[in-house]
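**Q** Turn this into a structure:
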Amino acid sequence: MTVNGWLQIALYCAVVIALTKPLGGYMTRVFNGERTLLAPVLRPIERLTYRICGVEETREQHWTVYAVAMLLFSLMGFLSLYAIQRLQAATPLFNPAGQPAVAPDLAFNTSVSFVSNTNWQSYVPEATMSYLTQMLGLTVHNFVSAAAGIALAIALIRGFARRSARTVGNFWVDLTRCTLYILLPVSIVVGLFFVWQGMPQNLNAYAEATTLEGAKQVIAQGPVASQEAIKMFGTNGGGFFNANSAHPYENPNAVTNFVQMVLIFSIGAALTNVFGRMVGNEKQGWAIFAAMGVLFLAGVFVTYAAEAPGNSAFAGMGIDQAAGALQSGGNMEGKEVRFGIANSALFTVITTDASCGAVNNMHDSLMPLAGMVPMVNIMLGEIIFGGVGSGLYGMLLFAVVAVFVAGLMVGRTPEYQGKKIEAREVKMAMLAILILPLSILGFTAIAAVVQPGLAGLENAGPHGFSEILYAYVSGTGNNGSAFAGLTANSLFYNTTIGIAMLVGRFAMIVPMMAVAGSLAAKKIVPPSAGTFPTTGVLWVGLLVGLILIMGGLTYFPAVALGPIAEHFAMTAGTLY
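**A** This next block holds a predicted model:
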């Protein structure tokens with residue numbers, strides 16, 4: 001580890017903190033229906049959208065109607081995206097490479113992936129998807145799946161903020177406002193910036209070049225910058241190219257790399273401020289931010305510390321770990337020289353804290369303990385700033401459980417944001433939280449013993465197990481990154497990971513929305529001498545401790561069989 005590396009990490013943290021309050025204030029005004037700077041331009045478009053779609057802007061929905069609207073919207077999105085992929089060959093428009101129709105199982109997996117904001121990719125994008133599919137199918141869902149997640153978080157916040165209410169907002173209004181006022185303007189500006197920095201944005205055919213050795217090389221291009229902007233800002237993560245953000249067309253330099261990392265966390269961090277503003281106490285939002293920040297910094301430290309020394313097994317081969325020819329300054333396997341160890345480690349933690357899944361280095365090449373960190377980040381539910389919306393509502397579900405535990409300690413009915421937390425809320429919160437390990441561990445157990453699951457492995461031992469585990473962790477957690485040594489483009493993995501993505505996104509939403517509806521109907525209880533404070537260091541420590549204890553009890557056996565076992569094997573000189 002170097003001083004320069006830590007200074008870059010500190011700069012990143014400072015920028016995210018500086019953006020949190022102004023962006024949070026703007027988002028609060030947007031979802032409260034207040035006038036914003038962009039209203040003169042966008043308000044007529046918003047009204048026209050409601051008129052075309054038959055939406056009554058002032059009519060709010062019960063939590064059940066809100067949840068059903070989101071589920072039906074996602075279903076129609078899945079069907080339309082599936083059709084676009086299957087009809088790709090029949091629609092030659094914007095298909096200069098002549099890409100054929102996508103196979104049924106892969107089209108199913110990809111449709112689920114982008115509708116659920118996962119962006120898991122079992123294919124090589126530049127050799128599979130036409131420009132039309134990339135733009136009309138994948139990029140569109142990068143916007144609306146992100147907007148849907150944010151809308152759900154806003155609905156839960158309203159549950160805490162309102163008193164004796166039967167409604168939690170209008171899904172169609174929240175979806176429209178989020179897309180028009182937040183996602184589109186930022187994506188347009190960032191997309192133009194990316195073009196300036198060298199990202200392609202065209203509809204040209206792939207270029208052919210002749211190398212110095214006389215070999216022919218096909219260079220893919222296309223509408224990259226426009227997809228890259230929302231890929232990061234909406235924590236989608238699906239790359240235009242197979243190498244994702246390690247590709248020079250998707251991430252040309254250190255400046256674009258830094259901007260992409262800031263984009264990933266910006267909405268997740270700002271939503272904590274939105275929460276504080278809407279419940280009438282910004283300190284509540286900063287307390288949630290602090291809990292996320294503690295977990296984030298712990299992950300960065302472990303990953304950077306594991307990657308910086310390099311592979312200890314090389315020491316017995318006479319290779320200097322600090323500055324050797326094969327380990328110049330650390331473990332550079334699978335990394336871009338233009339980013340180095342510090343920025344690769346930081347990017348790895350950021351993209352798996354959020355449900356982004358974009359990568360600027362190969363996670364499969366990380367040291368075992370470094371590879372464990374992104375896995376654990378997702379296992380915890382990606383609540384460390386998390387995906388747009390999903391990170392906050394996941395953290396708030398843990399907060400409900402934490403105040404329940406605190407209430408048991410002091411012998412009082414637990415309260416959070418002035419709402420009594422009773423059996424119904426705790427049961428629904430636990431149901432939402434436990435859905436994830438059921439899918440992750442269940443599918444991993446099946447894939448680790450059946451032949452179709454084992455057929456995809458390219459590594460043996462604990463690393464091979466980690467590849468399987470990471471696939472279902474990433475799918476269920478709606479992250480989309482991978483230990484890419486696993487060949488996942490098969491009927492077995494496309495189907496099972498597709499189901500895991502559905503479970504991770506939608507099975508969690510219903511109990512979460514039930515919590516929102518139940519809380520909205522409650523009255524505000526004035527704080528008393530026995531009320532557990534939820535803005536101080538004690539609360540942050542309790543929340544972080546509860547998250548780590550629940551995660552450890554649930555996942556430690558699986559992690560011990562994978563990265564931990566591989567780490568001890570590596571220290572003994574055995575590599576996989």
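**Q** count of residues packed around residue 549?
**A** Neighbour count for residue 549, taken as other Cβ atoms under 10 Å: 11. Every residue, glycine included, has its C-beta placed from N, CA and C.
**Q** for residue 52, same thing?
**A** By other Cβ under 10 Å, 8 other residues sit near residue 52.
**Q** what sits against the closest residue in space to residue 489 that isn't next to it in sequence?
**A** Of all residues not flanking residue 489 in the chain, residue 122 sits nearest, at 4.1 Å (Cβ to Cβ, 6 or more residues apart in numbering). Under the criterion of Cβ atoms under 8 Å, 6 or more residues apart in numbering, the neighbours of residue 122 are 106, 109-110, 488-489, 493-494, 497.
**Q** Restricted to helices, list those.
**A** Mapping the contacts of residue 122 onto helices (DSSP state H) picks out 106, 109-110, 493-494, 497.
**Q** Confirm residue 217 sits in a helix?
**A** No: under DSSP: H, G, I helix; E, B strand; the rest coil, residue 217 falls outside any helix and is assigned strand.
**Q** tell me the SS of the closest residue to it other than its chain neighbours?
**A** Nearest-residue entry for residue 217: residue 209, 4.9 Å, with adjacent residues in sequence omitted and distances by Cβ to Cβ, 6+ apart. Secondary structure state of residue 209, per three-state DSSP, is strand.
**Q** where's residue 209 relative to residue 218, distance?
**A** 8 Å (Cβ to Cβ, to the nearest Å).
**Q** Between the two, which is the more surrounded one?
**A** residue 218 (12 against 9).
**Q** For the more buried one, give me its contacts.
**A** 206-209.
**Q** If you rank those by neighbours, which is first?
**A** Going by other Cβ under 10 Å, residue 206 tops those with 13 neighbours.
**Q** Could you verify my assumption that that residue touches residue 95?
**A** No: contact between residue 206 and residue 95 fails when scored by Cβ atoms under 8 Å: they sit 11.4 Å apart.
**Q** So which of the ones in helices among the contacts of residue 122 wins on neighbours?
**A** In the ones in helices among the contacts of residue 122, the most neighbours by other Cβ under 10 Å go to residue 110, 32 neighbours.
**Q** pLDDT at that residue, what is it?
**A** pLDDT, residue 110: 95.
**Q** Tell me who's in contact with it.
**A** For residue 110, the contacting residues are 81, 85, 102, 121-123, 138, by Cβ under 8 Å, 6+ apart.
**Q** before we move on, back to that, isn't the residue nearest to residue 217 right up against residue 219?
**A** Yes: between residue 209 and residue 219 a contact is recorded at 5.8 Å, counting by Cβ under 8 Å.
**Q** which stretch of helix or strand covers residue 554?
**A** Assessed by DSSP states H and E, residue 554 sits inside helix 537-559.
**Q** Could you pull out the buried residues of that helix?
**A** Neighbour counts over helix 537-559 (16 or more other Cβ atoms under 10 Å) mark 539-540, 542-544, 546-547, 550-551, 554-555, 558-559 as buried.
**Q** Quick check: the farthest pair among the residues you listed?
**A** 539 and 558 (29.8 Å; Cβ to Cβ).
**Q** And the strands in this protein?
**A** 207-210, 216-219, 415-416, 419-420 (DSSP state E).
**Q** Which residues outside the first one are in contact with it?
**A** Looking back up the chat, that one is strand 207-210. 216-219, 221.
**Q** strands paired with it, and their directions?
**A** Using DSSP bridges, strand 207-210 pairs in its sheet with strand 216-219 (antiparallel).
**Q** Using PDB, write out the CA atom coordinates for the partner strand.
**A** Extracted in PDB, the C-alpha atoms of strand 216-219 (Å, rounded to 0.1, in the frame of the first residue of the first chain):
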ATOM      1  CA  LYS A 216      -6.200  -8.700 -39.300                       C
ATOM      2  CA  GLN A 217      -8.000  -7.200 -36.300                       C
ATOM      3  CA  VAL A 218     -11.700  -6.300 -36.000                       C
ATOM      4  CA  ILE A 219     -12.300  -3.300 -33.700                       C
END
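**Q** so where's the stretch 251-400 of the chain uncertain?
**A** For the stretch 251-400 of the chain, residues meeting the criterion pLDDT under 70 lie at 315-329.
**Q** now the chain
**A** Applying pLDDT under 70 to the chain flags residues 315-329.
**Q** Try it again at 50.
**A** Residues of the chain meeting the criterion pLDDT under 50: 321-324.
**Q** Nearest residue to the middle of it?
**A** Nearest to the mean C-alpha position of the chain, counting by Cα atoms, centre = their mean, stands residue 355 at 0.8 Å.
**Q** which residues touch it?
**A** 117-118, 235, 237, 378, 382, 386-387, 390-391, 477-480.
**Q** got it, and residue 269?
**A** Under the criterion of Cβ under 8 Å, 6+ apart, the neighbours of residue 269 are 16-17, 19-20, 23-24, 289, 292, 385.
**Q** one more time with 10 Å, if that's ok
**A** By Cβ atoms under 10 Å, 6 or more residues apart in numbering, residue 269 lies in contact with 16-17, 19-21, 23-24, 262, 285, 289, 292-293, 296, 354, 385-386, 391-392.
**Q** Likewise for residue 442?
**A** Taking Cβ under 10 Å, 6+ apart, one finds 472, 476, 496, 500, 503 in contact with residue 442.
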